[in-house]
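>>> build me a model from this:
(2 chains)
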Number of protein chains: 2
Amino acid sequence: MPSSKTSGNGTSGNGNRSNGKRRRVRQLKERPVRPDPRQPIKGRLLIIGGREDKIGGKVILRSLARLVGNGKLVVATLASEKPGEQWAEYEGALRGLGVRHVYHLRIESRADAESPKAIGVLEGATAIFFTGGDQLRLTSLIGDTPVFSRCYEIFANGGAIAGTSAGASVMSETMIVGGNGEASPRFGDGLQLAPGFGFAKDMVIDQHFAERGRVGRLVGVVAQNPRILGVGIDENTAIEVEPFRRFRVLGDSSVYVLDGSDISDTSIGADSSGRAVSIFGVRMHLLTQGDEFDLVTRTPTRGSADEVDEELGVEPERESQDAVAADE
Amino acid sequence: MPSSKTSGNGTSGNGNRSNGKRRRVRQLKERPVRPDPRQPIKGRLLIIGGREDKIGGKVILRSLARLVGNGKLVVATLASEKPGEQWAEYEGALRGLGVRHVYHLRIESRADAESPKAIGVLEGATAIFFTGGDQLRLTSLIGDTPVFSRCYEIFANGGAIAGTSAGASVMSETMIVGGNGEASPRFGDGLQLAPGFGFAKDMVIDQHFAERGRVGRLVGVVAQNPRILGVGIDENTAIEVEPFRRFRVLGDSSVYVLDGSDISDTSIGADSSGRAVSIFGVRMHLLTQGDEFDLVTRTPTRGSADEVDEELGVEPERESQDAVAADE
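From the prediction side, this is the model:
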C-alpha cells in the first residue's frame, strides 16, 4: 500500500498522476457507480449508533482498526460543520490503535466531490469512515458524484464502510433525516425520510436509539413497509454487517431489531391527521455484544460478549451504572 | 347517593356516625381486605399515563366523569407533596364536567390511613382517583391499612379506581418505582420494583412512556417473567380496564403492549454485571384510542377513535404536530 500513501496528498502529484485522476473523474462522471442489487458485494459495513468510546476500551474503534489492518483508511467528515475538530479527534484515536495509513477527506461542495484532489485521497483506500453531523449533507454533497462512485467501488470490491450517527443513518436505502424522538408515531408527525447511500439493503437504521427515545419513530417507519427491517443502534454500540447476510453486535449497549413481518393490523394507511397510529404485532429483539442476526431468516442468535472483548483485546472491566432517576 | 354526601364531611358527624366509623376501622384493622384472585371483581380501572388534558377536549377526565356518574368520587392526593394544589386543579376540572359529589382524601401518615375521618371520606364512595407523585408514598402510606381495605372493597363491589402517573404504576401487583429512562436494560442498572396495590393482575404498568423513553426498562421487566404483560401508557392517554378480561384505549397518544410469551432467548438470568441484556422475540403492539386488548388471549383489536370522541362528547378537532427536531 505504499503508493497510496503519497497519492493521498492529492494536489502535489506529478503530471501523470494528476492526469490519471482527471481521467478517473471524467470516467466516473460519465458512468456513475450506483448501488446494484445484482452486483456481488465483498465489503463489510460497520454501523455505529454515535458517541463511540474514543478513550476507554474503544471496542468499536478497535473493530474499525482491525477492518482496516494495514490498508488505507479515509475519514470523511463531510456531515459535520466542524470537520477539522472531528478529524483531529479520530486521527489521534485511530493512530493510537495502530492504524498507520489514515487520511482526511474534506468536502464542502459538490465541486469538491468531483475534484481530482478528492479522488486522489480515495485512491487505494480500503476503508472509509463517515463521521457524524447531518445525513442530508452527506447525500446532497456526494450523491451520484465521482466520490460516491469510488466509495461504492471500494465497498463492492471488499473494502469497509464505517459510519457513526449521521454516517450510520445514511447507510440505508431509505434513511431517517428527521422526526420526533420521545414520541409515538402519529399521522403528520413530521417524520422525514430521504434516499440514503444504499450500502445496507432492506433495513432502515436509527441511531442514538434508546438515548433519544426513538422506538416510536422507527416502528412508524417499519409499519409503512415491513419489507424494511428497523435497526435501532444505541450510543457506543455498533453492528458489523456482512452484506446482505448477517450482522454481529459490538459495544456497550443494545441494538433493537424491529421486524414487521407479522404485523397483523395497522391504521397507518388511513388518513387521520394528527391521530396516533395503531400498529399490532411487531416482533422486537434486543441484541447485545456478541449476538448475531441473520438478515435472510430474520433470526437472532446469542453470542458471548466476553469473547468479543477478548478477540479485540479489550480489558474486561465493566463500569457500574450508578445514576438512576427516581420516578414519579 | 345523597346520604354519602354528608358522610363525606368526616369529622362533624353525630355520635352514632362517629362510633360507626370507629367500629368500621376496628373491623378493617382486624380483617384487612387484600387482593384475592378468587374473588369476583365487579369494578373498573382507569389507568392514565400522566399529564391528562384538563383544559381541552379532556377525553380522559370525561371518561372518569362518566364512570362516576351520580356517584361519589374521592380524589386521593397522597402520592403528592402538593396535595392542596392537585386537589384544587382536579376539583375544578371534574366539577366542570358535571361531577357533583367529589371529595378530597388527604393522608400524610399511616395513622391518617386508619382514622375514622379517612374512613368517613370513603363512606359511600363509588370511585377513587389516585393522582400523581411518588408511588412508594402510596403503598407505604396506605398498604394494608383500613383505607386500602375500603378502596379494594369499593373496587370489588363495582366501583371505579382511577390513577394517573404514580397512581397508574401503583395499580400493578409488582410496580416499577425507579429505573433509567432513555436507556436499554442492563444488569445492575438500578431498575427498582416494589409490591403495588394489585388492582391489575398479570401486568406491569409504566407511564409517561414514549415521552421518557421507557421501552427499554419495561422490556427488561417483562423479560424477568413473561407471565407479566408490559403496558406502557403515554401521557394524556389511558386504558379503561374491565378486570381481568380486556381494556380499551382512550386519549391522545399510544399504549404499548409488550408481550413476552414468545421470548425465545434472553441473557437476563446470567450474572454479568454492567452488561446490556439480550432479549429475543418480544411481541409489541401500539394501540391508540378506540383499540381494545383482550387480556385473556393477549390479542389487540382495532377500534374507531372518532367514535370514542363522539361517545364522550369531545369535539373532533385535532391539533397539528408542528415541532419536529432535525436530526444529527
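>>> distance of the closest residue to A:Thr77 other than its chain neighbours from B:Glu52?
Distances taken as CB to CB, 6 or more residues apart in numbering or on different chains place A:Pro83 nearest to A:Thr77, at 3.6 Å, with adjacent residues excluded. From N, CA and C alone the C-beta is placed, and that goes for glycine too. The spacing between A:Pro83 and B:Glu52, counted by CB to CB, to the nearest Å, is 47 Å.
>>> more neighbours: these two, which one.
Between A:Pro83 and B:Glu52, B:Glu52 has the larger neighbour count (other CB atoms under 10 Å in any protein chain shown), namely 26 against 20.
>>> my read: that one touches B:Ile60, true?
Yes: using CB atoms under 8 Å, B:Glu52 is in contact with B:Ile60, at 4.2 Å.
>>> intersection of neighbour lists for the two?
B:236, B:238, B:251 (CB atoms under 8 Å, 6 or more residues apart in numbering or on different chains).
>>> and which of those residues is nearest A:Leu191?
Proximity of those to A:Leu191 (CB to CB) peaks at B:Asn236, which lies at 20.2 Å.
>>> hmm, that closest one is touching B:Asp252, no?
Yes: at 4.3 Å, B:Asn236 and B:Asp252 qualify as touching, with contact defined as CB under 8 Å.
>>> ranges for the strands of the stretch 101-250 of chain A?
For the stretch 101-250 of chain A, the strands defined by DSSP state E, counting those that start in this stretch cover A:101-105, A:127-130, A:160-164, A:174-178, A:192-195, A:203-206, A:229-233, A:237-242, A:246-251.
>>> buried ones in the second one, by neighbour count?
In terms of neighbour count (16 or more other CB atoms under 10 Å in any protein chain shown), strand A:127-130 has its buried residues at A:127-130.
>>> repeat for stretch A:148-165
For stretch A:148-165, using 16+ other CB under 10 Å, the buried residues are A:148-152, A:154-156, A:159-165.
>>> what's the closest of the buried residues of strand A:127-130 to B:Asp134?
A:Phe130 (45.3 Å).
>>> chain center to the one helix or strand A:Glu310 maps to, what's the gap?
Element membership for A:Glu310 (DSSP states H and E) is helix A:305-312. Centroid displacement of helix A:305-312 relative to its chain, using CA atoms, centre = their mean, to the nearest Å, is 22 Å.
>>> now do stretch A:28-46
The answer for stretch A:28-46 is 16 Å, by CA atoms, centre = their mean.
>>> how about stretch A:70-80?
12 Å.
>>> related to what we said a few turns ago, from the buried residues of strand A:127-130, which is closest to chain B?
A:Phe130 (12.7 Å; CB to the nearest CB).
>>> which pLDDT value belongs to the closest residue to A:Pro40 other than its chain neighbours?
The shortest distance from A:Pro40 to any non-neighbouring residue, by CB to CB, 6+ apart, is to A:Ala156 (7.6 Å). At A:Ala156, the pLDDT value in this model is 96.
>>> can you name the residues that contact A:Ala156?
A:33, A:39-43.
>>> looking at those residues, state which has the most neighbours.
Within the contacts of A:Ala156, most neighbours by other CB under 10 Å means A:Gly43, with 22 neighbours.
>>> would you check how far apart that one and A:Tyr90 are?
When A:Gly43 is compared with A:Tyr90 (using CB to CB), they lie 20 Å apart.
>>> the helices in chain A, which residues?
Counting by DSSP state H, chain A has helices at residues A:2-7, A:15-30, A:59-68, A:83-96, A:116-122, A:135-142, A:146-156, A:166-169, A:215-224, A:305-312.
>>> mind listing what the nearest residue to A:Gly163 once chain neighbours are set aside touches?
In this structure, A:Gly163 finds its nearest non-sequential neighbour in A:Phe130, 4.0 Å apart by CB to CB, 6+ apart. Applying CB under 8 Å, 6+ apart to A:Phe130 gives the contacts A:76, A:78-79, A:138, A:161-164, A:166-167, A:170.
>>> can we see that at 10 Å?
Taking CB atoms under 10 Å, 6 or more residues apart in numbering or on different chains, we find A:Phe130 in contact with A:47-48, A:74-80, A:105, A:138, A:142, A:151, A:161-171, A:197, A:199.
>>> separate out the buried members of these.
Neighbour counting over the contacts of A:Phe130 (16+ other CB under 10 Å) leaves A:47-48, A:74-80, A:105, A:138, A:142, A:151, A:161-171, A:197, A:199 as the buried ones.
>>> list the contacts for the spatially most central residue of chain A?
Nearest to the mean C-alpha position of chain A, counting by CA atoms, centre = their mean, stands A:Ala168 at 2.6 Å. For A:Ala168, the contact set (CB under 10 Å, 6+ apart) comprises A:45-50, A:130, A:132, A:135, A:162, A:175, A:200, A:205-208, A:231, A:233, A:238-239.
>>> repeat the analysis, applying 6 Å as the threshold.
For A:Ala168, the contact set (CB atoms under 6 Å, 6 or more residues apart in numbering or on different chains) comprises A:47-48, A:205, A:207.
>>> pLDDT wise, what is A:Asn9 at?
40.
>>> phi and psi next, for the closest residue to A:Asn225 other than its chain neighbours.
Nearest non-adjacent residue to A:Asn225, counting by CB to CB, 6+ apart: A:Gly260, 7.9 Å away. When read as degrees, to the nearest 10, the backbone of A:Gly260 gives phi -90, psi 10.
>>> wait, what's in contact with the closest residue to A:Glu182 other than its chain neighbours?
Nearest-residue entry for A:Glu182: A:Gly213, 3.8 Å, with adjacent residues in sequence omitted and distances by CB to CB, 6+ apart. Taking CB under 6 Å, 6+ apart as the contact definition, A:Gly213 lies against A:181-182, B:182, B:213.
>>> and if we set it to 10 Å?
A:180-183, B:181-183, B:209-216.
>>> closest one to A:Arg298 out of the residues you listed, please.
Using CB to CB, the contacts of A:Gly213 come closest to A:Arg298 at B:Val215, 20.0 Å.
>>> wait, that closest one sits on B:Ser254?
No: the pair B:Val215 / B:Ser254 is not scored as a contact, 11.2 Å apart, by CB atoms under 10 Å.
>>> residues shared between the contacts of those two?
Joint contacts of B:Val215 and B:Ser254 (CB under 10 Å, 6+ apart) are A:216, A:219, B:209, B:232.
>>> related to what we said a few turns ago, make JSON lines out of the buried residues of strand A:127-130 and add distance to A:His101 and pLDDT.
Putting the buried residues of strand A:127-130 into JSON lines (distance: CB to CB, whole Å; pLDDT from 0 to 100) gives the following:
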{"residue": "A:Ala127", "distance to A:His101": "9", "pLDDT": "98"}
{"residue": "A:Ile128", "distance to A:His101": "13", "pLDDT": "98"}
{"residue": "A:Phe129", "distance to A:His101": "13", "pLDDT": "98"}
{"residue": "A:Phe130", "distance to A:His101": "18", "pLDDT": "98"}
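>>> turn these into TSV, including distance to B:Gly69.
Formatted as TSV, the buried residues of strand A:127-130 follow (distance: CB to CB, whole Å):
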residue	distance to B:Gly69
A:Ala127	69
A:Ile128	67
A:Phe129	65
A:Phe130	61
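>>> go through these and name the one nearest A:Glu310.
A:Ala127 (23.2 Å).
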